[in-house]
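Engineer: requesting a structural model of the entry that follows:
(2 chains)
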Amino acid sequence: MNRINEVFEAFGSALILAWRAFRSLPSAPRILRRVSEQGYLAGYTTLPIVAILLFFIGAVLALQAGNTLRDFGAKQLIGTLVGESIARELGPVMVAILLAGRVGSAVTAELASMRVSGEVDALVTMNIPPERMLVLPRLLAVLLITPVLTIIGNIIGWFGGAVVCAGVSTIGVEPEMYFQALKQYLTVRDIMDGLIKAEIFGFVVMLIACSTGLRTRGGPREIGFAVTKSVVFSLIAILTLDYFITKALD
Amino acid sequence: MASLRRKSPPAPVRDDRSPVRITVSGLSKSYGPQSVLREVSLEVQPGEIFVIMGPSGSGKSVLLRHVAGLEVPTGGTVAINGHDPRLPETRDRFALALVFQSGALFNSLSVYENLALYPLEHRLCPKPEIRERVMRALRILSIENAVHKFPSELSGGMKKRVAIARALVMEPQVMLYDEPTSELDPVMAATIAEIIATLKEQFSVTSVVVSHDRDLAFAIADRIAVLHQGRLLAVQTPAELRENRDPIIREFLRPAINLQEPRFKKLEANHD
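Structural biologist: You can find the predicted model right below:
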């Protein structure tokens, strides 16, 4: 029962935090520097991992699908399958998972340590809302950076598939044919649906990271617990929301 | 963009600079079953230095956090000139400054940025004036050479002084100090005590100091409160407190080291 209460409390606190942060939106011009710093940190640290991961996801997808589709005589559709899967599903989900592991964990650790060392209390006594100074810049940064990461990840994933199609002799699909199939069936709507998902995931990951960090009490041990909790909650939220968003966008 | 700027929070409206009164009435605080403060009532007079003493775990810091508006009381009230310190408007009006035991400096900001944060965020004055204000505070505490350093590069004493300087930049009417001399050598502790007394003289702030440090308390306090197990035992001037016959207060103020009958052995015997 306590566990359930805790989950509801965490959910409620995250919503209140988001509300308070966005209430400070009129002061956004004053925090542009912090937004750009956070955007740079999130993008710079996540982009190389996104690139490597999506390249290999595209490659594996092409390899798995290639052999099966070849047996059915439909190998010219590999481009469509890889393109759609990455744009609608794997791109946004993988970017969100990497954001949770790389950026969300770092944000939770930083805010939890600020909470434990009294820095957040210092902000409160100085009448500077922590939501404005610490949360809003991170939320805005992730909203700006997630679509960019997703688009770059998608493109790299598609190229990963093309490399495998051209390089693996048992598949033997030329890049022209691969991209032709990809362009023929992939619509702007598919890409936009993926970006909407990515945007929602990114926002939720950052909100969970900030909320968990700011709710931390105690010492170094609790900071570690908070980081674990933030990543686990984020992963659960990403995969749960994925189902409902996919259903809603269908 | 222009319309967004117009909606930004306005600079705080300050009361006149006269020192303020702090009233604590029947304050109680419990964390679950543990009672930390029990019906504490006291009044800090405008412009005085009020020291709160007591053994570890007696609730001194919790009491200070209530005065700073960082805690929600279980019972009773705290008021600053009649206003609730938890409200942002009260903090804006009187500029409450709390010097944390750890300093609580922002580790990602330089000393200058730490000090300039409050006036910048509240848009109190133009940037050149903020710079002047920051440098003046650093000069008062003789730490101008630390202006470009980061908190991780500072010693414990320097961090305390930067924390006091940060509070000074706020031009507060209430200064709250949590263990300002803990972890400091005697010379640095004396320096901090002198700074607290000087700030009161120069800026007529109402100061509340939580401390274990008997020397500090008797040197600077106008009045001293003694807390024990969450209860207020006495509020007296230093001279009156020296004459106090209460055994707990006497024990706290003059603990004799007894190597023949150590206290921990008595405690062990009682426990068995």
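Engineer: for chain B, what are the nearby residues on chain A?
Structural biologist: Proximity of chain A to chain B, by C-beta under 8 Å from any C-beta of the partner chain, involves residues A:26-30, A:114, A:117-119, A:121-122, A:124-128, A:133. Bear in mind the C-beta positions are built from the backbone N, C-alpha and C, glycine included.
Engineer: quick one, what contacts whichever residue of the stretch 151-272 of chain B sits closest to chain A?
Structural biologist: For the stretch 151-272 of chain B, the residue closest to chain A is B:M170, as judged by C-beta to the nearest C-beta, at 6.9 Å. Contacts for B:M170 (C-beta atoms under 8 Å, 6 or more residues apart in numbering or on different chains) come out as A:126, B:95, B:97, B:118-119.
Engineer: give the residue spans of chain A that score low on pLDDT.
Structural biologist: Along chain A, the parts satisfying pLDDT under 70 run over A:1.
Engineer: nearest to chain A: which residue in the stretch 51-200 of chain B?
Structural biologist: The stretch 51-200 of chain B approaches chain A most closely through B:A104 (3.6 Å), counting by C-beta to the nearest C-beta.
Engineer: for burial, what's the neighbour tally of that residue?
Structural biologist: 24 (other C-beta atoms under 10 Å in any protein chain shown).
Engineer: how near is the residue nearest to it when sequence neighbours are not counted to B:E89?
Structural biologist: Of all residues not flanking B:A104 in the chain, A:G118 sits nearest, at 3.6 Å (C-beta to C-beta, 6 or more residues apart in numbering or on different chains). Applying C-beta to C-beta, to the nearest Å, the value for A:G118 to B:E89 is 23 Å.
Engineer: those two: who's more crowded?
Structural biologist: The residue with more neighbours, out of A:G118 and B:E89, is A:G118; 20 against 12, by other C-beta under 10 Å.
Engineer: can you list the buried residues in the strand or helix carrying A:L47?
Structural biologist: Using DSSP states H and E, A:L47 sits within helix A:32-71. For helix A:32-71, burial by neighbour count (16 or more other C-beta atoms under 10 Å in any protein chain shown) applies to A:34-35, A:38-39, A:41-43, A:46-47, A:49-51, A:53-55, A:57-59, A:61-63, A:65-66, A:69-70.
Engineer: ok, then the element right after the host helix or strand of B:Y112?
Structural biologist: Per DSSP H and E: B:Y112 is located in helix B:111-121. Counting by DSSP H and E, the element after helix B:111-121 in chain order, helix or strand, is helix B:127-140.
Engineer: and the next helix or strand past the helix or strand bottoming out on mean pLDDT in chain B?
Structural biologist: Using mean pLDDT, DSSP states H and E, helix B:2-6 stands out as the lowest-scoring helix or strand of chain B, at a mean of 39. Per DSSP H and E, the first helix or strand lying C-terminal to helix B:2-6 is strand B:22-31.
Engineer: summarise which helices and strands the very next helix or strand once past that following strand is packed against.
Structural biologist: Next along the chain after strand B:22-31, taking DSSP H and E as the criterion, comes strand B:34-44. Contacts defined by 3 or more C-beta pairs under 8 Å, 6 or more residues apart in numbering or on different chains; DSSP states H and E place strand B:34-44 against strand B:22-31, helix B:60-67, strand B:75-80, strand B:231-236.
Engineer: and with 6 Å instead?
Structural biologist: strand B:22-31, strand B:231-236 (3 or more C-beta pairs under 6 Å, 6 or more residues apart in numbering or on different chains; DSSP states H and E).
Engineer: just put those strands in JSON lines and tack on mean neighbour count and distance to chain A.
Structural biologist: Shown next, in JSON lines, are these (neighbours: other C-beta atoms under 10 Å in any protein chain shown; distance: least, C-beta to the nearest C-beta, whole Å):
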{"stretch": "strand B:22-31", "mean neighbour count": "17", "distance to chain A": "11"}
{"stretch": "strand B:231-236", "mean neighbour count": "18", "distance to chain A": "24"}
